[in-house]
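Chemist: Let me see the structure of the following:
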Amino acid sequence: EIYYVFMKRINQISTLLSAVFSSSSFIYVRRHRLDQQVGARFFRRSANSNICSIDHFELFKMDPSNTSEDCDTENPQKEELNIDVTERKEVSVNEWRGGLSSVRVSPKSSEERHGPNIHTHYVFLVHGWLGNSKEFAYLETSINQAMETHTRTDKSATARLVTHCTTENNGRTTDGIAGGGTRLAVEIRKFILDDLRENDNFPAKDNEYNVGISFVGNSLGGLYSRYALSKIPTEIHLLLQEEGQSTKHPVFLHKELFITTVTPHLGVASHTFFGVPRALEHVIGRALMKTGKDLFRIDKGDLIHQMCTNYESYLKPLAKFRKRIAYINAFQTDFQVPTSTAAFLDQHSTSSHSVPRQDDSHPFIVAVANTVTNREVLLMEETEDHNMSLKLDAMGWEKVFVDVRQYIPGFTLPFIKKSSREKWNEFIQSRVEQTGKDVINVESRELYNLMKGSEKKQFPIGHQVMIANSKNEAYESFTKTGRPVMDHLGKQIVETLFH
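Modeler: Model prediction:
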């Protein structure tokens, strides 16, 4: 088999070698065929072979002198190769040996980005601590309205969008992140399979289904969602009765959007609205039962820490999403989840965020800060606490800082000369003038300091107002002022999924 593949490709290799700089060593990974499964199996081959076969790829090593480290004839071990099968990548041989630490990715076509055969996009809305399935009712309405607008303007749209406010954790949010996350994973799998059975107007193509899954997790629901990713496979199976026989169809789950709203990604230990001693945090955490212990990072296992540093179990599944977005309350408006943990900011971190100048089209948005993927940081073995923020930033996020002070009661302190928004705008303007660019780099520690102050004193109820929390009539009444934020998010979800 190896000899046959080698002879078949030798002419192509010769052509490619002549086109590559003689001093350069490259591995070129060419997509053999678009397979919906995430990842691939790499089978090591002969030490002298210039071609190593992968299930869905062909690997060309452009350095013929490369020997023993890449292939092993006598012991052909199978190893996982973490490559998105929809991407074309080039990496140096040294980078390959180091674990694909640096990757140059060529732009993907629209069809490749969205999956050519996705016929249903599922958006799961996950409530938080002491919440219920009505919590995201207004956001669900906003998403559906945005989808109606999209289908009216784009007559060629064929894929459908299905929203689902999750229910399995209603009244069951005190038994820890793992308990809620596991129930969520089971509910998602069941919901998708039940929906596919009920909607047979989207038959399997080539005996398989391709669906997109997205999450919007509020507060604790964001942590539930992150944990659930470790339990959700990339492929599930749908059993159907066809012509008197049971037929099993593979259902491939394409990771699309992962969104959190005011989620305590770093936990709440040392991230409380008022600073409290660690001993008091232990008391509060135990009073809030297992979930409180998780959030205040009291248990020995420290699940929050694991979810922020363990790449294989928790960060790798999150990395498979096309886009990650975090909505954060700025300027001391959120009692439950302060800015630092919702945006995973560290007061000592120099992690860079690219921040464009913000227009006035959405007055409640202070800034949109973007981080880029850094695989070297993700694969670091160091697990100190400061690496929690660093590794989450290295996932590549869009952080949307929201100012809801105009939507909640409060008053302005008379002796404050400059507002927090003015200080932020002046900071941005000075950087623009220094660099001559409209997109500037801002460090994590700078965001930490600029987003935490406020010249106003208001009731810190931004946690409920930002999402227009509708878990009951009382909440719906006093949080309706936050609906513009959810209208913006609903539109953003639809536009990102379908454009």
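Chemist: Only C-alpha atoms from now on, for both contacts and neighbour counts.
Modeler: Noted.
Chemist: residue boundaries of the strands in the stretch 351-499 of the chain?
Modeler: 352-356, 365-370, 398-402, 410-412, 439-443, 456-458 (DSSP state E, counting those that start in this stretch).
Chemist: doesn't A185 fall inside a helix?
Modeler: Yes: the assignment for A185 is a helix, going by DSSP: H, G, I helix; E, B strand; the rest coil.
Chemist: Identify the residues contacting the residue nearest to I428 when sequence neighbours are not counted.
Modeler: The shortest distance from I428 to any non-neighbouring residue, by CA to CA, 6 or more residues apart in numbering, is to R357 (7.3 Å). Neighbouring residues of R357 by CA atoms under 8 Å, 6 or more residues apart in numbering: 367, 428, 438-439.
Chemist: And R357, what's its pLDDT?
Modeler: In this model, R357 is scored at 85, pLDDT.
Chemist: Could you pull up phi and psi at it?
Modeler: Note on R357: its backbone torsions stand at phi -60, psi 130 [degrees, to the nearest 10].
Chemist: Is A146 located within a helix, as I assumed?
Modeler: Yes: counting by three-state DSSP, A146 falls inside a helix.
Chemist: got a list of what the residue nearest to it when sequence neighbours are not counted touches?
Modeler: Leaving aside its chain neighbours, A146 sits nearest to K491 (5.3 Å; criterion: CA to CA, 6+ apart). Taking CA under 8 Å, 6+ apart, we find K491 in contact with 142-143, 146-147.
Chemist: Now do the same for K491: its pLDDT.
Modeler: pLDDT, K491: 97.
Chemist: And for D55?
Modeler: In this model, D55 is scored at 30, pLDDT.
Chemist: Which residues are in contact with the closest residue to K456 other than its chain neighbours?
Modeler: Once flanking residues are discounted, K456 sits nearest to T412: 4.3 Å by CA to CA, 6+ apart. Applying CA under 8 Å, 6+ apart to T412 gives the contacts 455-457.
Chemist: Using ChimeraX, define a selection of the buried residues within the residues you listed.
Modeler: To isolate the buried ones among the contacts of T412 in ChimeraX, judged by 16 or more other CA atoms under 10 Å, type:
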select :455,456
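Chemist: N218: which of the contacts of R357 is nearest?
Modeler: Taking CA to CA as the measure, A367 is the one of the contacts of R357 closest to N218, at 19.9 Å.
Chemist: Quick one: neighbours of that closest one, just the number.
Modeler: Using other CA atoms under 10 Å, A367 has 21 other residues around it.
Chemist: does it really touch V355, like I thought?
Modeler: Yes: in this structure, A367 is within contact of V355 by CA atoms under 8 Å, at 7.0 Å.
Chemist: thinking again about what came up before, looking at the contacts of T412, which one is closest to D175?
Modeler: K457 (34.5 Å).
Chemist: just for this protein, where's the confidence low?
Modeler: Where the chain drops to pLDDT under 70, the residues are 1-116, 200-205.
Chemist: ok, now how distant is the closest residue in space to K293 that isn't next to it in sequence from A330?
Modeler: Take K293 and drop its neighbours on the chain: the residue closest to it by CA to CA, 6+ apart is G285, 4.8 Å away. Distance of G285 to A330, given as CA to CA, to the nearest Å: 25 Å.
Chemist: In terms of neighbours, single out the busier of these two.
Modeler: Legend: neighbour count by other CA under 10 Å for G285 and A330, higher for A330 (29 against 22).
Chemist: Just the helices from the stretch 251-400 of the chain, written as ranges.
Modeler: With DSSP state H, counting those that start in this stretch as the criterion, the stretch 251-400 of the chain has helices at 278-287, 289-295, 303-309, 316-319, 339-342, 375-378, 386-393.
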